[in-house]
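Colleague: Pasting the sequence and the predicted model now:
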Amino acid sequence: MLKLVKLFTFQCKLNMNDQAWRAAVHTIVDRPSDWQWVSDRVIKVDHPDGPMAMKRWDRTPGERDTFLQHLRYGERSGIQGIIPLMTSTRGDFPVFEAEGYDYYLEPWVEEQTLTSPPSKELRLLSVLAANHKISENEQTIEEGALEEYEQEVDFIWNQQRLHMEQLADQLEQSRFISPFTMTYLHAGPFLERMFQSGKSGFQNWARHVKEKETYRFVFCHGKPSIEHGLIAADGNAWWTNWEASGPNHPAYDLAYFYQDIARNQPFHALDYQAIVGTYEAYGPLWGEADTSLLKALMLTPTPIIDFVEQYRANPQSYAEHQWTAMLELRLNALRYGAELVKWKEDQEAAMRQSAT
């Protein structure tokens, strides 16, 4: 039922946007051309130079310029997995406008079904790690900048914890405690532990940065997910959707990717070694302070709190059992993240002990 609801919503969007997309295709191809839907923001176009993926992108001029600058930097620096942007048949700028919308064009990469290891997740992770390694750098922290950042993070955490408690109080006031509400209320102690663990991780990382007086960063994809990764026929891994790319700590990419794995195709606990081992084999050196920041980013319950707000705002959009199942999925993903971080921390503790 949930898939049918999403399919119906998707089809409605397609019908509303159909005319605008036809105009955009005409802008890049000066002849009748076939195209087909991939999602409500992406189509596959029959282009004179071969099949292309065209994406609609709603951003400000400044964001578009930053996106192109980061892509140029990535290509010059040897960043792997970037699908180059194409111009239209008229030689337009890589990000062009049609019918009031912005679009960009890139060669279509046909997704392949893998029949042998490593898995798609690990292949994508190895490319992500290699990109981090070749772009690793450090920057001196400006005086007072870290303290300001700590205060900002602490304020956000306190606001989120307060919001979590308020949601629990409001839901408990209902005369009927629904399965969704019961699931959320039972998860309260676990979510509180995640807040505390994430906060301690951030504090550990901040202390390390203060001691070194430098901040480590790499060229990050920004939103590396399984959906944004492709494995071509030759086995090469490609990343799409580089709009959020730019300099940041590698833990930001890893937290996003690990959380996506947990939501879509959870690894068995025994595969933590495969995940961590793959990144450490191809990526830059990883230390305990990096694990602390990864912990802070992965263990935040904020996505769950936001999801509960969606439920409160429009409970009729899904059946109760669907809401409950989706909440359980998010809680399980957070539990997976906590287990992965604990596995890594235990490994680091064992290495410290063996070194003494």
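Modeller: Cool, the structure landed.
Colleague: When you work out contacts or count neighbours from here on, use the C-alpha atoms and nothing else.
Modeller: Fine.
Colleague: center of the protein, which residue is that?
Modeller: K223 (3.5 Å; Cα atoms, centre = their mean).
Colleague: wait, doesn't that residue sit right on T240?
Modeller: No. Using Cα atoms under 8 Å, K223 is not in contact with T240, being 9.5 Å away.
Colleague: And the strands in the stretch 201-350 of the chain?
Modeller: Ranges of strands within the stretch 201-350 of the chain are 214-220, 229-231, 237-239, 246-248, based on DSSP state E, counting those that start in this stretch.
Colleague: With mean neighbour count, distance to L122 and mean pLDDT as added columns, please give those in JSON lines.
Modeller: Below are those laid out as JSON lines (neighbours: other Cα atoms under 10 Å; distance: least, Cα to Cα, whole Å; pLDDT from 0 to 100):
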{"stretch": "strand 214-220", "mean neighbour count": "20", "distance to L122": "17", "mean pLDDT": "95"}
{"stretch": "strand 229-231", "mean neighbour count": "21", "distance to L122": "11", "mean pLDDT": "94"}
{"stretch": "strand 237-239", "mean neighbour count": "21", "distance to L122": "10", "mean pLDDT": "95"}
{"stretch": "strand 246-248", "mean neighbour count": "19", "distance to L122": "22", "mean pLDDT": "95"}
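Colleague: Between those, which one is closest to Y272.
Modeller: Closest of the strands of the stretch 201-350 of the chain to Y272 is strand 229-231, at 20.4 Å (criterion: Cα to Cα).
Colleague: The closest one pairs with which strands, parallel or anti?
Modeller: Counting by DSSP bridges, the strands paired with strand 229-231 are strand 237-239 (antiparallel).
Colleague: For the strand it pairs with, what is the distance to the chain centroid?
Modeller: In terms of Cα atoms, centre = their mean, to the nearest Å, the gap separating the centre of strand 237-239 from the centre of its chain is 15 Å.
Colleague: which outside residues touch it?
Modeller: 80-83, 123-124, 127, 224, 228-232 (Cα atoms under 8 Å, 6 or more residues apart in numbering).
Colleague: go again using 6 Å as the cut-off
Modeller: 81-82, 124, 228-231 (Cα atoms under 6 Å, 6 or more residues apart in numbering).
Colleague: same question, stretch 72-81
Modeller: 131, 238-239.
Colleague: Kindly state the pLDDT recorded for the residue nearest to the centre of the chain?
Modeller: Note for K223: predicted pLDDT of 96.
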